[in-house]
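1. got a structure for you, letters missing:
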């Protein structure tokens with residue numbers, strides 16, 4: 001990326017700033033789902049974003065991971081689930097900004113590590129009947145309503 005910005009400051013000085021940057025970065029996402037002994041569903045998601053360079057500084061790389069487990073209980077009428085978002089509490093954007101006159105470091109974290117324990121009991125709707133519903137039924141999936149056909 002190449003560029004230049006020129007302006008006159010309040011002391012009537014001509015200021016010219018270059019915005020050149022040479023960058024190579026990458027990211028990857030890994031997901032896995034397993035059934036553990038005792039019929040416990042286990043799921044993990046990992047994300048890595050590499051360091052990136054911009055015209056005025058760098059964004060440091062980071063890695064984050066989520067874990068979740070669930071188990072059907074009470075004769076498949078209930079589900080007990082536990083999950084951890086951002087297991088290592090590392091989902092942060094850490095940046096350095098460098099210009100001729102300024103150096104700053106910043107750190108931003110949208111949400112800290114979070115633990116969630118859920119218990120879902122299905123009245124008159126055991127696990128094995130949910131998959132046999134007829135047409136025109138609504139179900140919730142990942143926080144959204146979906147129309148099943």
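-> Looks like it arrived, so ask away. Quantities reported herein were computed from a predicted structural model and do not represent experimental measurements.

2. List the strands paired with the longest strand along the chain, with their directions.
-> Taking DSSP state E as the criterion, the chain has its longest strand at strand 62-73. Strand partners for strand 62-73, identified by DSSP bridges, are recorded as strand 40-49 (antiparallel), strand 78-85 (antiparallel).

3. what residues does the last one touch?
-> By that I understand strand 78-85. 66-73, 111, 113-122, 127 (CB atoms under 8 Å, 6 or more residues apart in numbering). Every C-beta, even on glycine, is put in place using the N, C-alpha and C of the backbone.

4. One more: stretch 9-27?
-> Here stretch 9-27 has contacts from 1-8, 47-56, 99-100, using CB under 8 Å, 6+ apart.

5. What about those, which are in helices?
-> Using DSSP state H, no member of these sits in helices.

6. Quick check on those residues: which are buried?
-> Buried members of these, counted by 16 or more other CB atoms under 10 Å: 47, 49, 52.

7. In CSV, list those residues along with pLDDT.
-> Listed next are the buried ones among the contacts of stretch 9-27 as CSV, based on pLDDT from 0 to 100:
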residue, pLDDT
47, 96
49, 95
52, 92
